[in-house]
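Chemist: what would the 3D arrangement of this be:
(chains A and B)
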Amino acid sequence: MSNKELRIALAGNPNSGKTTLFNALTGSNQFVGNWPGVTVEKKEGKMKGRDGIIVVDLPGVYSLSPYTLEEVVARNYLVDERPDAILNIVDGTNLERNLYLTTQLIDLGIPTVVAINMADVVRKKGDHIDFDGLSKALGCKVVEISALKEEGIDDAVEACIEATLKAAESKKHLPMHSFSGAVEHALAHIEEVTVHNLPAEQQRWYAIKLFERDTKVLDALKLSDETIAHIEEDIKACEAELDDDAESIIINDRYEYITRVVRKCVKKKNASKLSTSDKIDRIVTNRFLALPIFAVIMFLVYYISVSTVGAWVTDWTNDGLFGDGWHIAGSDEYDAALDSYGNEMLFENTELKDIILSANENGVLGAEELNIAFADKDYGAFTEAYGSYGEKLAAEGFSVAEIVDPVLEGEPSPADYGTWVPGVPALFDKLLLDENGEPVVAEWLYSLIQDGIVAGVGAVLGFIPQLLVLFIFLAFLEACGYMSRIAFMMDRIFRNFGLSGKSFIPILIGTGCGVPGIMASRTIENQNDRRMTVITTTFIPCSAKLPIIALISSALFGGAWWVAPSAYFMGIAAILISGIMLKKTKAFSGEPTPFVMELPAYHMPTLGAIMRSMWERASSFIKKAGTVILLSTIVIWLGSKLGNTGDGFGFALDMELENSILGYIGGAVSWLFAPLGFDSIKAAIATLMGLLAKEEVVGVFGVLDFEGMSALEGYSFLAFNLLCAPCFAAMGAIRREMNSAKWTAFAITYQCVFAYAVSLMIYQVGMAFSGGLNIVGLVCAILVAALIVFMLVKRPYKAKNN
Amino acid sequence: MKTMRDAKIKDTVRVVRVHGEGALRRRIMDMGLTKGVEVYIRKVAPLGDPVEVTVRGYELSLRKADCELIEIE
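Modeler: Take a look at the predicted model:
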């Protein structure tokens, strides 16, 4: 054992303290990844304070059946890689069900050590566990540990090493547990005809699996039809004798055996009064109180992680750290200075007042906002409104630029007030600009660094604070046991749409920002449910889409009240319809994973565990999603700066968007949008820029561009931009959660096609009713609608065999 | 045949056999609902489905439709 690494696989039920034990064993020497090809997380780590031992954290499973993804991953690892030892963590408060997995692990013939966790809790209840008795009955070493207090862990590892050495010496490992006579007879026969050429310690597991008619093992062993027919006789005979099917015979036998062992080795103090967990559950999932309590908890999660703390920290990151800078102290002084500056320079100017008043009387869009800000003497609101509507006013002949622009130029600098910390871009300016404000490096390089890289990194980091806050909540809800109750309460609603009860949280968070919404889908165990949630979460309008809704509502619908609610309604409908449709496709069919779920006892998680879970998720976002976001930001930057400079192709910092590569791409694809009613190049560019961040749509497609656009065209434009592929940040998150390029591509393609279909129906049907009937268009729209209806009512896809 | 779906809240019932096939049946049995085990029907979710039961000393939730597969005494 001197120079060879020892691999210990950590196996156990979900909620048995496996993660805590893994963290205690490995400390910070962890590597988090995914099992090949699936979204199941794989963790490996080097043992803390001891060389040459690798701990592999298997997915938490209840059994080694061939049906669920986690179980298949776990058993494939155990069977194919054959680790040197298994450390099986067992929840001492729930011995019966936990030991069921133990009996299956022991059959594998790998040296196994059982570590009984939470034995202190058992003792506190007054129960007594006979560890030696258990050890004798199970035929493997049983140790007592407390993963939380890190007690007994060294002994457990020591026992694993010992067991490995012992197994290496004797080369024989005999499980103590035997099935009933008829079963053992059949097993012996199966071993003989099928797996006698395998190493002795592995034969039993294969024989049991063949007896259970485990399809995965049958496929792997490639037995001849003759042999299969032969062992089938044995199985049939045994089934007839015991009047049950093979799978049940094995399961029943295992549980009966465990019941006997537990009865012998555990002395229960027979006072079963209500535990604290029971008392909490009585209130929290009470028939009448459950939903109000759920609403309050969800409101708190949303309010804190999205509306308040999350928004503050995100604003600070975007406007301070990666903006101009921020005040440590003295921001009040600066605000006061700005206000008095505004009063002096703007709000006493009667000429300005008259112009915006008459603009308002003539009903110019945005003049009302300017007037209100003027009357309130609110400098910030006024400059913001001027930024959005200044051009519009000018176009209508009410230009105020001559008055306002010089005022904006002479604005007091925040750096002159209080303690001002410049942001990252300002720091780079210091490095890259000489005293005249000219870059000391080539202009393109300066722009690449500032507008490409710094902006890109800022875009990634801008999400982090909000994600951290959200991940703390998720970690808490998961660790304390409430997340399972959410699935329990919401299952009734969501199951109809191919989603999990836990999909509620991603969708709720998605109204704030799609990125944390998608990342929140990690709490969903079932792979299909999780994929479905990832695909549909961004249909709901996030906060960056609100400016698009606001712009179109005010520019084309006179600020009608129903536009914004209709956008949310459209988002929800898109989720539900997509759920029903996708559920019926081949990709999502598979065997439906049964909703037979443990509701773990409530308990207070430790701060350390929550922080670790938060950090794991955040760092995986930075690593996986971050690269996607950064690269795409740089590509878009390049696309908007390279193009026709007027004298040939080249690079120009002040490139007009229409002349850039991006503009040409927009022009080249704009015909695609003709059936949707918006084939202007600018609309196409705006949609492309929306991939950078959805609010960019408004940046490109200003109020002026709506001239000559009908309300119907505008609404179709809105629908497409709300439903199509999300921003690059969200795509990065999708990439992270799907863990597969193929599925990421599918998600984004589906979103775009769905958005196109919806916009097509809105525009073409709308045109037919408003007298602009286009027969071909209408027929296409009706065909699309028919296809969707067909998918909604069609029978689910069923695999041919079975 | 009497199934777990027929059991009332706060009933304690004994499992006779699990019907059905494939993953669902295996999962139900893997979670400890096997022949002869006692199950206490604890409560119903606020929206009327699924149900929460106590089996082998822990809490388990399963849908009413799946309860129909579990034959009881």
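
Chemist: C-alpha from now on. contacts and neighbour counts both.
Modeler: Noted.

Chemist: setting aside sequence neighbours, what's the nearest residue to A:Asp84?
Modeler: Sequence neighbours aside, A:Arg7 is the residue nearest to A:Asp84 in space, at 5.3 Å (criterion: C-alpha to C-alpha, 6 or more residues apart in numbering or on different chains).

Chemist: for whichever residue of the stretch 251-400 of chain A sits closest to chain B, give me its contacts.
Modeler: When C-alpha to the nearest C-alpha is the measure, the stretch 251-400 of chain A has its nearest residue to chain B at A:Arg287, with 4.6 Å between them. For A:Arg287, the residues meeting the contact criterion (C-alpha atoms under 8 Å, 6 or more residues apart in numbering or on different chains) are B:44-46.

Chemist: which residues does B:Arg17 contact?
Modeler: Taking C-alpha under 8 Å, 6+ apart, we find B:Arg17 in contact with B:34-35, B:70-72.

Chemist: near chain A, which of the residues you listed show up?
Modeler: Applying C-alpha under 8 Å from any C-alpha of the partner chain to the contacts of B:Arg17, one finds that B:34-35 fall near chain A.

Chemist: which one of the contacts of B:Arg17 sits closest to A:Gly397?
Modeler: B:Ile70 (78.2 Å; C-alpha to C-alpha).

Chemist: neighbours of the closest one, how many?
Modeler: The burial count assigned to B:Ile70 is 25, neighbours taken as other C-alpha atoms under 10 Å in any protein chain shown.

Chemist: the residue nearest to it when sequence neighbours are not counted and A:Glu241: what is the separation?
Modeler: If you skip the residues right next to it in sequence, B:Ile70 has B:Val18 as its closest partner in space, 4.6 Å away by C-alpha to C-alpha, 6+ apart. Plainly put, B:Val18 is 18 Å away from A:Glu241 if you go by C-alpha to C-alpha, to the nearest Å.

Chemist: between those two, which is the more surrounded one?
Modeler: Comparing B:Val18 with A:Glu241 by neighbour count (other C-alpha under 10 Å), the higher total belongs to B:Val18, at 22 against 11.

Chemist: what is the burial count for the nearest residue to B:Arg56 once chain neighbours are set aside?
Modeler: The shortest distance from B:Arg56 to any non-neighbouring residue, by C-alpha to C-alpha, 6+ apart, is to A:Glu96 (6.4 Å). The burial metric for A:Glu96, expressed as a neighbour count using other C-alpha under 10 Å, is 26.

Chemist: any idea how far stretch A:318-325 is from the middle of the chain?
Modeler: In terms of C-alpha atoms, centre = their mean, to the nearest Å, the centre of stretch A:318-325 is set 27 Å apart from its chain centre.

Chemist: could you dump that stretch to CSV, C-alpha only?
Modeler: The C-alpha coordinates for stretch A:318-325 follow below in CSV (Å, rounded to 0.1, in the frame of the first residue of the first chain):
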residue,chain,number,x,y,z
ASN,A,318,-22.4,47.2,-11.7
ASP,A,319,-22.4,51.0,-11.0
GLY,A,320,-19.6,51.2,-8.4
LEU,A,321,-17.1,48.4,-8.7
PHE,A,322,-17.4,48.1,-12.5
GLY,A,323,-18.9,51.6,-13.0
ASP,A,324,-17.5,55.0,-12.2
GLY,A,325,-16.8,54.2,-8.6
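
Chemist: which residues sit against it?
Modeler: Surrounding stretch A:318-325, the residues in contact under the criterion C-alpha under 8 Å, 6+ apart are A:317, A:326, A:420-426, A:454-455, A:458-459, A:462.

Chemist: and what of stretch A:377-386?
Modeler: By C-alpha under 8 Å, 6+ apart, the list of residues contacting stretch A:377-386 reads A:338-339, A:342-343, A:347, A:366, A:369-370, A:373-374.

Chemist: any idea which helix or strand comes after the helix or strand where A:Val515 lies?
Modeler: Per DSSP states H and E: A:Val515 is located in helix A:514-519. Next helix or strand after helix A:514-519 toward the C-terminus (DSSP H and E): helix A:527-537.

Chemist: what is that following helix packed up against?
Modeler: Contacting helix A:527-537 under the criterion 3 or more C-alpha pairs under 8 Å, 6 or more residues apart in numbering or on different chains; DSSP states H and E are the following elements: helix A:504-510, helix A:514-519, helix A:563-583, helix A:728-738, helix A:741-769.

Chemist: give me every residue that touches residue 42.
Modeler: I'll assume chain A. The contact partners of A:Lys42, by C-alpha under 8 Å, 6+ apart, come to A:32-35, A:56-59.

Chemist: looking at chain B here, not the other one
Modeler: Going by C-alpha under 8 Å, 6+ apart, B:Arg42 touches B:9-11, B:51-54.

Chemist: that one belongs to a strand, doesn't it?
Modeler: Yes: if the criterion is DSSP: H, G, I helix; E, B strand; the rest coil, then B:Arg42 is within a strand.

Chemist: first vs last residue of stretch A:52-62, how far apart are they?
Modeler: For stretch A:52-62, the separation between the terminal residues is 29 Å (C-alpha to C-alpha).

Chemist: quick one: is it near chain B?
Modeler: Yes: where contact is defined by C-alpha under 8 Å from any C-alpha, part of stretch A:52-62 touches chain B, namely A:Tyr62.

Chemist: double-check that the residue nearest to A:Asp84 belongs to a strand.
Modeler: Yes: using three-state DSSP, the secondary structure at A:Arg7 is a strand.

Chemist: need the contact partners of the helix or strand encompassing A:Ala295.
Modeler: Taking DSSP H and E as the definition, one finds A:Ala295 inside helix A:290-302. For helix A:290-302, the external contacting residues (C-alpha under 8 Å, 6+ apart) are A:283-285, A:470, A:473, A:486, A:505, A:508-509, B:46.

Chemist: counting neighbours, which of the residues you listed comes out on top?
Modeler: Comparing the contacts of helix A:290-302 by number of neighbours (other C-alpha under 10 Å), A:Ile509 comes first, having 26 neighbours.
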